[in-house]
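[1] one predicted model, sequence on top.
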Amino acid sequence: MTDIIQLLPDNIANQIAAGEVIQRPASAVKELLENAVDAGADEIRLIITDAGKQLVNVVDNGKGMSETDARMSFERHATSKIRNIDDLFRIRTMGFRGEALASIAAVAEVELKTKRKEDETGTLLLMDNSIVRVQEPVAAQDGTSISMKNLFFNVPARRNFLKSNAAELRHIIDEFIRVAMAFPELFFSMQSNGQEVFHLEKGSLKQRIVQILGNNYSAKLVSVQEQTDYLNISGFVGKPETAKKTRGDQYLFVNNRFIKSAYLNHAVMNAFNEMIPRDSYPMYALFIDLDPAQLDINVHPTKQEIKFEDEKIVYAFVQSAVKHALAQFSITPTLDFELDAGIQQMDAVSKPVSIQQKNSASSSTLFQSFSQKHQAHFIEKRSDLKHWKDMYEPATVPDTAIPSLLPLPVETHTALQQLHQSYIVVQTQTGLMLLHQQNAHERIWYEKLQEAISGKPIAIQQSLFPVSIELSVADAVMLEELLPDLKVLGYQIEPFGKQAFVLQGIPADLIQGNEKSALEKILEQYKHFTNEVKFSRREKLLRTLALQNAIKAGTILSLKEMQSLTDSLFECAIPNTTPNGKPTYLAFQKEELDKMFGR
Ligand code: ADP
Ligand code: MG
């Protein structure tokens with residue numbers, strides 16, 4: 001038997017290792033920005049071409065590197081930030097694994113220019129496939145400029161996996177924001193295809209938040225500030241009225257490192273408790289600082305997840321600190337209490353519902369029997385669509401005599417009745433149906449929008465008073481990408497300067513007014529889908545607009561509207577549920593009703 005295990009050649013091993021650290025242009029952006037911060041720079045510039053696919057360049061005025069260090073920096077596990085195992089428990093820098101530059105050099109072409117203050121000349125380094133092609137002295141500014149070019153030029157399969165430019169640019173902006181938010185005392189700028197997208201002057205955290213997230217937060221931030229021996233918390237939360245439908249504007253940093261933590265997010269949400277509607281998310285930018293020995297940052301390739309020595313204490317502190325801040329700002333004194341490190345806190349520790357508890361609750365049979373109800377409905381009806389077309393035949397009119405969307409003679413409407421401004425009762429040949437007007441309309445719109453995408457654009461009515469809307473950079477990038485599809489779907493929106501848009505027209509059969517808030521809701525809803533599920537861009541858009549355009553529960557309908565709604569629903573390909581699977585109607589057989597009444 002011959003042995004079959006072989007060592008991978010270095011360049012292949014490097015490419016594989018790189019995959020964990022550098023997945024897309026945004027990963028390089030994060031690593032390079034963090035290196036600039038670690039180098040003590042106070043001016044950091046990010047320059048991007050072609051959403052980073054062609055070029056990611058970070059220029060800093062930090063301490064630079066010697067000629068030897070410049071070369072060393074691209075070796076795997078080469079770092080100036082830790083020397084021995086003990087240092088691992090004292091990490092205050094963003095990097096420490098010495099992997100980023102090695103990873104970048106394995107999957108892209110690299111150009112490095114660097115110079116220390118104390119040196120006469122700088123060093124130029126050109127690399128590809130982890131190999132140094134050129135190393136020579138060069139005239140350079142103090143500091144470092146690293147360019148990553150043609151990402152994945154040597155790993156075409158990975159290159160093909162990159163998303164559209166707009167999507168990759170969004171990831172880049174996310175990473176840029178996460179670093180820039182954590183260091184308001186440093187200047188940051190970002191330029192994309194020659195256009196400056198961010199120009200963030202040094203300032204306070206509050207100024208930085210407003211610069212990044214938009215002016216609408218300027219008078220709406222509540223300061224969070226608690227200091228204890230164990231940890232400090234500082235930062236801001238948005239006043240409850242700024243809560244949004246998406247979790248976009250939520251930033252949590254631990255020792256200045258952006259992290260994702262569902263557990264601590266829960267702590268903040270818990271502190272807001274009754275102050276915001278369900279399904280909405282408050283803005284926050286919170287900074288937890290504690291002894292690095294209490295942390296393990298080394299549990300995740302990109303360090304976005306960390307382990308706390310004692311997570312429950314951190315949870316309790318975060319929750320109390322936010323509650324305290326909110327109580328101080330709010331007029332009602334009921335929430336007021338002092339934060340002390342006593343037993344009071346430990347009590348709070350036992351209260352929060354852990355994720356595990358939540359999971360076990362949702363796997364219980366009770367929970368399942370609840371949620372399966374909808375599914376049963378969904379599957380059952382879906383399997384015999386024809387059957388239910390038959391069911392809906394208004395008793396008073398023959399099927400063929402119902403021209404859709406046209407009013408019927410008044411006497412044929414007697415079988416339609418609106419209840420609670422939400423439901424429509426429809427008499428059928430064999431019983432009755434209860435339509436949910438909003439769910440039903442959502443389905444109608446969804447299919448109409450599907451048709452629009454496949455070639456029947458929706459008629460647009462020009463707005464009488466076109467409204468303009470100013471967006472954050474991230475939202476503007478997102479909207480820009482959606483404009484062509486939106487137009488087909490009945491929303492005519494034109495860019496108006498860098499971050500502003502004008503809404504010129506909406507679908508012809510929507511009522512004018514409130515266009516601005518409609519557009520805001522569309523963006524929020526779209527982001528909501530982006531966070532929650534993996535749909536294609538178009539699918540997300542269809543679902544978003546279907547939700548937005550649908551008449552809401554609580555709207556009084558005329559007879560004509562009820563008739564048109566009912567007819568249109570049953571012309572749908574899948575009339576029985578919303579795109580999300582909620583029932584649009586419930587049917588009751590007269591026979592069964594009779595039985596129930598002992599007849
Ligand atoms: P890490 O940041 O984990 O140490 P990197 O691969 O990102 O690993 O960088 C390797 C080393 O290169 C760093 O430890 C640092 O000494 C040096 N370095 C990287 N970027 C810069 C920079 N912009 N300015 C100065 N030194 C840098
Ligand atoms: Mg680094």
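    Cool, the structure landed. Residues are numbered from 1 along each chain as shown. Ligands and ions are numbered 1, 2, ... in the order given.
[2] and the closest residue to Y585 other than its chain neighbours, what element?
    Nearest non-adjacent residue to Y585, counting by CB to CB, 6 or more residues apart in numbering: L435, 4.4 Å away. Using the backbone N, CA and C atoms, a C-beta is placed for each residue, glycine as well. Element membership for L435 (DSSP states H and E) is strand 431-436.
[3] pairing partners for that strand, with directions?
    strand 423-427 (antiparallel), strand 585-589 (antiparallel) (DSSP bridges).
[4] for the helix or strand following it, buried residues please.
    On the C-terminal side of strand 431-436, the closest following helix or strand by DSSP H and E is helix 437-453. By 16 or more other CB atoms under 10 Å, the buried positions in helix 437-453 come out as 437-450, 452-453.
[5] how about helix 437-453 as PDB, C-alpha atoms only?
    Taking Å, rounded to 0.1, in the frame of the first residue of the first chain, the C-alpha atoms of helix 437-453 are listed here in PDB:
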ATOM      1  CA  GLN A 437     -58.100  42.300   3.000                       C
ATOM      2  CA  GLN A 438     -54.400  43.100   3.600                       C
ATOM      3  CA  ASN A 439     -53.100  39.600   3.100                       C
ATOM      4  CA  ALA A 440     -55.300  39.200   0.000                       C
ATOM      5  CA  HIS A 441     -54.100  42.500  -1.500                       C
ATOM      6  CA  GLU A 442     -50.500  41.600  -0.800                       C
ATOM      7  CA  ARG A 443     -50.900  38.400  -2.900                       C
ATOM      8  CA  ILE A 444     -52.600  40.400  -5.700                       C
ATOM      9  CA  TRP A 445     -49.800  42.900  -5.800                       C
ATOM     10  CA  TYR A 446     -47.200  40.200  -5.600                       C
ATOM     11  CA  GLU A 447     -48.400  38.500  -8.700                       C
ATOM     12  CA  LYS A 448     -49.000  41.800 -10.500                       C
ATOM     13  CA  LEU A 449     -45.400  42.800  -9.800                       C
ATOM     14  CA  GLN A 450     -44.200  39.400 -11.000                       C
ATOM     15  CA  GLU A 451     -45.900  40.100 -14.300                       C
ATOM     16  CA  ALA A 452     -44.300  43.500 -14.400                       C
ATOM     17  CA  ILE A 453     -40.900  42.000 -14.100                       C
END
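[6] now for it, which elements pack on it?
    strand 423-427, helix 473-488, helix 537-549, helix 559-570 (3 or more CB pairs under 8 Å, 6 or more residues apart in numbering; DSSP states H and E).
[7] how about residues contacting that helix?
    For helix 437-453, contacts defined as CB atoms under 8 Å, 6 or more residues apart in numbering pick out 418, 422-424, 458, 485, 488-490, 538, 542-543, 545-547, 549-553, 555, 557, 562, 565-566, 568-569, 572-575, 577-579, 582-585.
[8] give me the angle between it and helix 559-570.
    60 degrees (axes from the mean of the first three to the mean of the last three CA atoms, to 10 degrees).
[9] let me see the mean pLDDT of helix 437-453.
    Helix 437-453 carries an average pLDDT of 94.
[10] and the angle for that helix with helix 537-549?
    Going by the same axes, to 10 degrees, helix 437-453 makes 140 degrees with helix 537-549.
[11] chain center to helix 437-453: distance?
    25 Å (CA atoms, centre = their mean, to the nearest Å).
[12] where exactly do the helices run in the stretch 201-350 of the chain?
    Taking DSSP state H, counting those that start in this stretch as the criterion, the stretch 201-350 of the chain carries its helices at 205-213, 262-272, 311-329, 343-350.
[13] CSV for the ones you listed, including mean neighbour count and distance to T414?
    Converted to CSV, the helices of the stretch 201-350 of the chain look like this (neighbours: other CB atoms under 10 Å; distance: least, CB to CB, whole Å):
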stretch, mean neighbour count, distance to T414
helix 205-213, 20, 54
helix 262-272, 19, 49
helix 311-329, 21, 54
helix 343-350, 13, 60
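[14] for M596, which of those is the nearest?
    The stretch from the helices of the stretch 201-350 of the chain with the least distance to M596 (CB to CB) is helix 262-272; that distance is 43.4 Å.
[15] H77: how many residues sit nearby?
    8 (other CB atoms under 10 Å).
[16] related to what we said a few turns ago, okay, the strands paired with strand 431-436 in a markdown table with mean pLDDT, distance to I209 and mean neighbour count next?
    Compiled in a markdown table, those are given as follows (pLDDT from 0 to 100; distance: least, CB to CB, whole Å; neighbours: other CB atoms under 10 Å):
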| stretch | mean pLDDT | distance to I209 | mean neighbour count |
| --- | --- | --- | --- |
| strand 423-427 | 92 | 44 | 19 |
| strand 585-589 | 89 | 46 | 17 |
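[17] next, format those as TSV and append distance to ligand 2.
    Listed next are the strands paired with strand 431-436 as TSV, based on distance: least, CB to the ion, whole Å:
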stretch	distance to ligand 2
strand 423-427	59
strand 585-589	57
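[18] closest one to ligand 1 among those?
    Minimum separation from ligand 1 across these (CB to the nearest ligand atom) falls at strand 585-589, 58.6 Å.
[19] what lies in contact with the closest one?
    388, 391, 426, 428, 430-436, 439-440, 569, 575-576.
[20] please pull up the helix or strand immediately following that strand.
    Following strand 585-589 in sequence, per DSSP H and E, is helix 590-596.
[21] most proximal residue of this protein with respect to ligand 2?
    Taking CB to the ion, ligand 2 has its nearest neighbour within the chain at G95, 2.7 Å off.
[22] my read is that that residue contacts E31, right?
    Yes - counting by CB atoms under 8 Å, E31 is a contact partner of G95 at 7.3 Å.
[23] tell me which parts of the chain are close to ligand 2?
    N35, G95, A100 (CB under 5 Å from the ion).
[24] make a markdown table from those and add distance to ligand 1, pLDDT and secondary structure to it.
    Listed next are the residues of the chain next to ligand 2 as a markdown table, based on distance: CB to the nearest ligand atom, whole Å; pLDDT from 0 to 100; DSSP: H, G, I helix; E, B strand; the rest coil:
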| residue | distance to ligand 1 | pLDDT | secondary structure |
| --- | --- | --- | --- |
| N35 | 3 | 97 | helix |
| G95 | 2 | 84 | coil |
| A100 | 3 | 93 | helix |
